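Engineer: coords please:
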Amino acid sequence: MKWGFFLFCVLSFLTSHALAQKNNPDIKSQAALVFNAQNDRVIYDKNADKVMPIASITKLMTAMVTLDARLSPHEKITITNADVDKLKHSSSRLPVGSTYPRQELLRLALMSSENRAAAALGRTYPGGAKAFVSAMNAKAKKLGMNNSRFVDSTGLNSGNVATARDLAKMVAASNNYAAIREFSTTSQHSVSPGNKRGQLQYVNSNSLVRNQGWDINVSKTGYLSEAGRCLVMQAKISGQPMVIVLLNSWGKNTRIGDANRVKKWIESNQGRRQA
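Structural biologist: Numbers count the residues shown, from 1 in each chain. As a prediction, the model looks like this:
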């Protein structure tokens, strides 16, 4: 009798575990959060309150602070040596001495994570880079991002940290800016650096914006060795505005796979609710 009861318990556990796995998007990223922006409901979270480096996800905050300042989008900004990455020594296709309208730098920072573009946006803010970082942290506090901290406009410094839960708030807030919606989802764009170098062609760092199966409003990728590969989006899935935050994905394509798993999982659950 005891042995039979033991087998019953084991089978019950395995069955419930299998059902749980079936109803779980099986996210590989170290931290994640899926949030329905329409009803403010979290529908999935994993290590959502763990403070982690966020790499270039930082640039969404950079964009909001830049736009909040209502600076001229047409003002010409020249890339200087101060914009060159001396911390991670990352490359950039924007040569020192080349000049672009502020809105072009904002677009490049959002769609293709151009670090010199983001650095120039912070440097040319009223009061300079220090004032810009202060404004970033003030904006984070206003949004209720209580476990976040920003130290530069690019995200190259691993001191830029947040939780997945905080980033969901940031993504939802960034969706209120028409320029962020447009620039972060631009699939490709070209700019002219002058100096007879012709056009520089850029593509969005998130391949999903070119996928017709996705309806993406806001997008941003990020990568640092300390942060892993990160992806945040707000996208319409099954007619609902869903915020997806994926942090520290371990493989090159894992964040894309995770996003697709989340989408399929939401659509599948929606189908079961309607059935």
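Engineer: From now on I want contacts and neighbour counts done on CA atoms only, so please keep to that.
Structural biologist: Fine.
Engineer: Give the next helix or strand downstream of the lowest-mean-pLDDT helix or strand in the chain.
Structural biologist: Least confident helix or strand of the chain, by mean pLDDT, DSSP states H and E, is helix 2-22 with a mean of 41. Using DSSP states H and E, the helix or strand that follows helix 2-22 in sequence is strand 31-36.
Engineer: what lines up beside that following strand in the sheet?
Structural biologist: Applying DSSP bridges to the sheet, strand 31-36 is found paired with strand 41-46 (antiparallel), strand 240-249 (antiparallel).
Engineer: so which of these gets nearest K130?
Structural biologist: strand 240-249 (26.8 Å; Cα to Cα).
Engineer: can you count the residues close to the residue nearest to P193 when sequence neighbours are not counted?
Structural biologist: Residue nearest to P193 in three dimensions, not counting chain neighbours: S98, with 5.3 Å by Cα to Cα, 6 or more residues apart in numbering. The local packing of S98 (other Cα atoms under 10 Å) involves 15 other residues.
Engineer: cool, S207 as well?
Structural biologist: Residues near S207, counting by other Cα under 10 Å, number 11.
Engineer: Report the contact partners of it.
Structural biologist: Applying Cα atoms under 8 Å, 6 or more residues apart in numbering to S207 gives no contacts.
Engineer: will you turn the strands paired with strand 31-36 into CSV that also has mean neighbour count and distance to T58?
Structural biologist: Listed next are these as CSV, based on neighbours: other Cα atoms under 10 Å; distance: least, Cα to Cα, whole Å:
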stretch, mean neighbour count, distance to T58
strand 41-46, 15, 21
strand 240-249, 26, 13
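Engineer: if I pick D215, what's in contact with it?
Structural biologist: V209, A235, K236, I237.
Engineer: how about a cut-off of 7 Å?
Structural biologist: Contacts for D215 (Cα atoms under 7 Å, 6 or more residues apart in numbering) come out as A235, K236.
Engineer: quick one, phi psi at it?
Structural biologist: Per-residue torsions, D215: phi -120, psi 90 (degrees, to the nearest 10).
Engineer: pLDDT at it, what is it?
Structural biologist: Per-residue confidence (pLDDT) for D215: 98.
Engineer: how near is it to V42?
Structural biologist: 20 Å (Cα to Cα, to the nearest Å).
Engineer: What of S184?
Structural biologist: Between S184 and V42 the distance is 24 Å, computed by Cα to Cα.
Engineer: Also N206?
Structural biologist: The value you get for N206 to V42, if Cα to Cα is used, is 24 Å.
Engineer: In stretch 66-81, which residues are buried?
Structural biologist: By 16 or more other Cα atoms under 10 Å, the buried positions in stretch 66-81 come out as T66, L67, I77, T78, I79, T80.
Engineer: Hmm, G97 and the fifth one touching each other?
Structural biologist: Spelled out, it's I79. Yes. With contacts counted by Cα atoms under 7 Å, I79 reaches G97, the gap being 5.4 Å.
Engineer: okay, now the closest residue to M61 other than its chain neighbours: neighbour count?
Structural biologist: For M61, ignoring the flanking residues on the chain, the nearest one in space by Cα to Cα, 6+ apart is M136 at 6.4 Å. M136: 25 surrounding residues under other Cα under 10 Å.
Engineer: Check for me that M136 belongs to a helix.
Structural biologist: Yes. M136: assigned to a helix according to DSSP: H, G, I helix; E, B strand; the rest coil.
Engineer: Do you know the pLDDT at it?
Structural biologist: On the pLDDT scale, M136 is placed at 98.
Engineer: Next: S192.
Structural biologist: On the pLDDT scale, S192 gets 88.
Engineer: The stretch 151-275 of the chain: helices as residue ranges?
Structural biologist: 164-174, 178-184, 254-274 (DSSP state H, counting those that start in this stretch).
Engineer: Going by mean pLDDT, which of those comes out lowest?
Structural biologist: helix 254-274 (a mean of 85).
Engineer: Residues contacting it, please?
Structural biologist: With Cα under 7 Å, 6+ apart as the criterion, helix 254-274 contacts P25, I27, K28, S29, R229, C230, L231, I237, S238, L246, S249.
Engineer: and that helix, how far from the chain's centre?
Structural biologist: On the basis of Cα atoms, centre = their mean, to the nearest Å, helix 254-274 sits 19 Å off its chain's mean C-alpha point.
Engineer: All set, thanks.
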